[in-house]
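> sequence first, predicted coordinates after that:
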2 protein chains.
Amino acid sequence: MARPKDANPERTRANILDAAEEEFADQGFHGTRMVAIAKRAGVTHGLLHYYFDSKDRLYEEVVARLFGRHQQLFERLISEGNRLTARDLVLESFDLFWAHPNQVRIMLWEMASGDDRVERSMKTFYHTMSGALTGLTADAPSPPEQGRDPRDVYVSILGALVVYFFRDPTIKQLFGANRFTDEDRKRRRAHIGALLDLLL
Amino acid sequence: MARPKDANPERTRANILDAAEEEFADQGFHGTRMVAIAKRAGVTHGLLHYYFDSKDRLYEEVVARLFGRHQQLFERLISEGNRLTARDLVLESFDLFWAHPNQVRIMLWEMASGDDRVERSMKTFYHTMSGALTGLTADAPSPPEQGRDPRDVYVSILGALVVYFFRDPTIKQLFGANRFTDEDRKRRRAHIGALLDLLL
DNA sequence: CGCGTTATTAACAGTTCTGTTATTAACACG
DNA sequence: CGTGTTAATAACAGAACTGTTAATAACGCG
């Protein structure tokens, strides 16, 4: 077998990216094996190097695709004219995370490691996030009351946003087999909304 | 060089465990190299296999030591007679995390991966956590108001507990170079306390 | 139709890691 | 003193993983 009849490079490329995204989200950068990606994409691992040079570059492209989506969202929200509130930013980000949980899961790996392998790809994302952060800070009363430092508020909200996507045994146990139904989405979203009411 | 004059196996063993803990917390299981641990501990990597059989077993011992501390804390809290409230559990856990941030960081890697490499070691920990969880659930009003499902409350509090230890660029940026001074501890602890007041 | 190009494979090369073994210096104890 | 044990090293063996290359089947096009 060499070039098959129904060759479709666009499709193959996308298949590889999808497979890679899944594996990286599951196992982290060092935990994923190129052959595992190839197997999942239904190709041999040589092809991964044909399309994407190295493991590092493949990872970068996966991350760029995920964070690109997030950046587009931010741009859309801003271009809609009305001032971007911290509340909008948080809830819209939640929706995007829900639609693309692999992004959160890859973020979790990055946050655990703290190295800047992908800081370039994430830079724009972090930039927007920080921008909105300023808004968040501005919304808070000053001087901060006991236990209401806006930076702490930010950290806790970030936690509320991402921890639900953790693969944690206690969380699994609490919510049962599948915690990603549409009903779950509504409930969790409402909870984050309530938390924002309490904290902002 | 072979056996040095001041040979002290207990000490060497502890040094290796310390070095391993640090490396695993930093790089995750797949990211750490045995030679890196050896170098940090000031020995050759052959010795790691002399004391601990394999990388997996070394990891297990690191995890066991960390979670053993947490279990001891829980036992102490329970044996003190008074009913273990969710509030105590959370704040005491926070103090322990602060004292041993590597535990949180290793937990973060495990939560990201979701595989059960160490589920055995963590089982007792998770068991106690779930026990207290019941208490937390009992404290909540029923039927739950909008956005106050006790399971969601648990997830958000877990987030507030652990996310501060993330190596996240936005968090770094907010708090500056070192966010682990004693003053920081007090402030963050007060914030978590305030959050508990709001949510429980 | 012939020829260059593209998508793909299979096999291989090189590197990097884990784990093993032979060797050795100090110690313990008869 | 001498012999067995222990703590440590250095060098090596083997496995696992990434990346490369030669071959090749289909396609596009003059």
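Looks like it came in fine.
> is any part of the longest helix along chain A close to DNA strand C?
Identified as the longest helix of chain A according to DSSP state H is helix A:55-79. No. Among the residues of helix A:55-79, none lie within reach of DNA strand C under CB under 7 Å from any atom of the strand; the closest is 11.9 Å away. The way it works is simple: take the backbone N, C-alpha and C, and place the C-beta from them, glycine included.
> per-residue confidence averaged over that helix?
What helix A:55-79 shows for mean pLDDT is 90.
> likewise stretch A:114-127?
Per-residue pLDDT values across stretch A:114-127 average out to 72.
> residue of chain A closest to DNA strand D, please.
residue A:2 (2.7 Å; CB to the nearest atom of the strand).
> which non-adjacent residue is nearest the most centrally placed residue in chain A?
For chain A, the residue whose C-alpha lies nearest the mean C-alpha position (CA atoms, centre = their mean) is residue A:103; its distance is 2.5 Å. Counting by CB to CB, 6 or more residues apart in numbering or on different chains, the nearest residue to residue A:103 once its immediate chain neighbours are dropped is residue A:66, at 4.2 Å.
> now residue A:149: how far from residue B:90?
In this view, residue A:149 and residue B:90 are 18 Å apart by CB to CB, to the nearest Å.
> return the residues of chain A in contact with DNA strand C.
When proximity is defined by CB under 7 Å from any atom of the strand, chain A lies next to DNA strand C at A:1-4, A:7-9, A:12, A:43-44, A:46-47, A:50.
> can you select the buried ones from these in ChimeraX?
One line in ChimeraX is enough to select the buried members of those, burial here meaning 16 or more other CB atoms under 10 Å in any protein chain shown:
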select /A:12,43
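> need the residues of chain A next to DNA strand C in JSON lines (columns: distance to residue B:156).
Below are the residues of chain A next to DNA strand C laid out as JSON lines (distance: CB to CB, whole Å):
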{"residue": "A:1", "distance to residue B:156": "52"}
{"residue": "A:2", "distance to residue B:156": "54"}
{"residue": "A:3", "distance to residue B:156": "53"}
{"residue": "A:4", "distance to residue B:156": "50"}
{"residue": "A:7", "distance to residue B:156": "49"}
{"residue": "A:8", "distance to residue B:156": "45"}
{"residue": "A:9", "distance to residue B:156": "45"}
{"residue": "A:12", "distance to residue B:156": "42"}
{"residue": "A:43", "distance to residue B:156": "42"}
{"residue": "A:44", "distance to residue B:156": "45"}
{"residue": "A:46", "distance to residue B:156": "46"}
{"residue": "A:47", "distance to residue B:156": "43"}
{"residue": "A:50", "distance to residue B:156": "45"}
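> what bits of chain A have low per-residue confidence?
Within chain A, the stretches with pLDDT under 70 are A:1, A:81, A:118-121, A:124, A:128-144.
> show me where it has its helices.
Residue ranges of the helices in chain A, as given by DSSP H, are A:9-31, A:34-41, A:45-51, A:55-79, A:86-99, A:101-113, A:119-139, A:150-162, A:169-175, A:182-199.
> how far does the first one sit from its chain's centre?
The reference is to helix A:9-31. Centroid separation between helix A:9-31 and its chain, computed with CA atoms, centre = their mean, to the nearest Å, is 15 Å.
> what does the second one give?
The chain centroid and the centroid of helix A:34-41 are separated by 22 Å, computed with CA atoms, centre = their mean.
> quick one, that helix and helix A:9-31 angle?
Taking axes from the mean of the first three to the mean of the last three CA atoms, to 10 degrees, helix A:34-41 and helix A:9-31 form an angle of 140 degrees between their directions.
> still on that earlier bit, of all the residues of chain A next to DNA strand C, which comes closest to residue A:176?
Among the residues of chain A next to DNA strand C, residue A:43 lies closest to residue A:176 (CB to CB), at 35.8 Å.
> distance-wise, check the closest one relative to residue A:13.
Note on residue A:43: its distance to residue A:13, by CB to CB, is 10 Å.
> then residue A:156?
When CB to CB is applied, the distance between residue A:156 and residue A:13 equals 40 Å.
> compare neighbour counts for these two and give me the winner.
Each of residue A:156 and residue A:13 had its neighbours counted (other CB atoms under 10 Å in any protein chain shown), and the higher figure belongs to residue A:156 (24 against 16).
> quick check: nearest residue in space to that one, chain neighbours excluded?
In space, not counting the residues next to it along the chain, residue A:156 is nearest to residue B:160; the distance is 4.4 Å by CB to CB, 6+ apart.
> likewise residue A:158?
For residue A:158, the nearest residue in space outside its immediate sequence neighbours is residue B:163; the separation is 5.7 Å by CB to CB, 6+ apart.
> so the one you found sits against residue A:162, correct?
Yes. Residue B:163 lies in contact with residue A:162 (CB atoms under 8 Å); the separation is 7.5 Å.
> list the residues that contact residue A:52.
For residue A:52, the residues meeting the contact criterion (CB atoms under 8 Å, 6 or more residues apart in numbering or on different chains) are A:16, A:58, A:61.
> how close does it get to chain B?
Distance, residue A:52 to chain B, by CB to the nearest CB, to the nearest Å: 20 Å.
> next one: residue A:70
According to CB to the nearest CB, residue A:70 stands 13 Å off from chain B.
> burial count for that residue?
Using other CB under 10 Å as the criterion, residue A:70 is surrounded by 21 other residues.
> burial measure for the closest residue to it other than its chain neighbours, as a count.
In this structure, residue A:70 finds its nearest non-sequential neighbour in residue A:125, 5.5 Å apart by CB to CB, 6+ apart. Residue A:125: 22 surrounding residues under other CB under 10 Å.
> pretty sure residue A:125 contacts residue A:66?
No. Under the contact definition of CB under 8 Å, residue A:125 does not touch residue A:66, with a separation of 9.3 Å.
> returning to what we had before: got the contact list for the residue nearest to residue A:158?
Listed by CB under 8 Å, 6+ apart, the contact set of residue B:163 reads A:155, A:156, A:158, A:159, A:162, A:163, B:171.
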